[in-house]
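# next input, structure requested:
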Amino acid sequence: MQTIWLDGAEWQAVLRIGLGLWWLESWRHKDKKDWFQGKGVAWAADVADKHRWGVVRGGFDKVVRPRPKAMAYVVAYAELALGLGLVLGFLTPIALIAGLLLNLIYLVLMIHDWAEQGQNAMMALISLVALFAMSWQVWSLDAAMGAFL
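You can find the predicted model right below:
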């Protein structure tokens, strides 16, 4: 593989770190006070209620709606953990798989919002490429510890 400026593994690390920064921005821009008081889950409930797929409505009603406060914390801190894990390259394959799954959940929930679909599809694609290219080989705590190599 020929590349410019950095080698292939380093470009993969740039991609991984960029994805991590994207997750950190997702966490940063949330109004935590409102989010943790249930406004984020209330917004998602409104989206789920109008969803054309019954499985999405039913799944939301069974998993999220009964525990809005806990789910608000799970979502927010999952985004923070994904961002930190990817930027630092710590437990990277686990973070990439978890991020891919979260993006797919977001993609399905927001099936009617083209902007959200584009963002989540691109983040999922980056996760997949970074996972299969083993983007933790350089510039990561995983590489420093000899993990996942």
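# name the element Y73 belongs to?
Per DSSP states H and E: Y73 is located in helix 68-88.
# next: A9.
For A9, the element it lies in under DSSP H and E is helix 8-28.
# which helix or strand lies directly C-terminal to that helix?
helix 32-36.
# contacts for that following helix next, please.
Helix 32-36 is contacted from outside by 40, 69, 72-73, 76, using Cβ atoms under 8 Å, 6 or more residues apart in numbering. Heads up, the C-betas are built off the backbone N, CA and C, glycines and all.
# would you mind extracting the C-alpha trace of the helix or strand following it into CSV?
Tracing the chain past helix 32-36, the next element assigned as helix or strand by DSSP H and E is helix 39-49. What follows is helix 39-49, C-alpha atoms only, in CSV (Å, rounded to 0.1, in the frame of the first residue of the first chain):
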residue,chain,number,x,y,z
LYS,A,39,-35.7,15.3,27.9
GLY,A,40,-33.4,13.2,25.7
VAL,A,41,-35.4,10.0,26.3
ALA,A,42,-38.7,12.0,25.9
TRP,A,43,-37.5,13.2,22.5
ALA,A,44,-36.5,9.6,21.5
ALA,A,45,-39.9,8.3,22.8
ASP,A,46,-41.6,10.8,20.5
VAL,A,47,-39.6,9.5,17.5
ALA,A,48,-40.3,5.9,18.5
ASP,A,49,-44.0,6.5,18.9
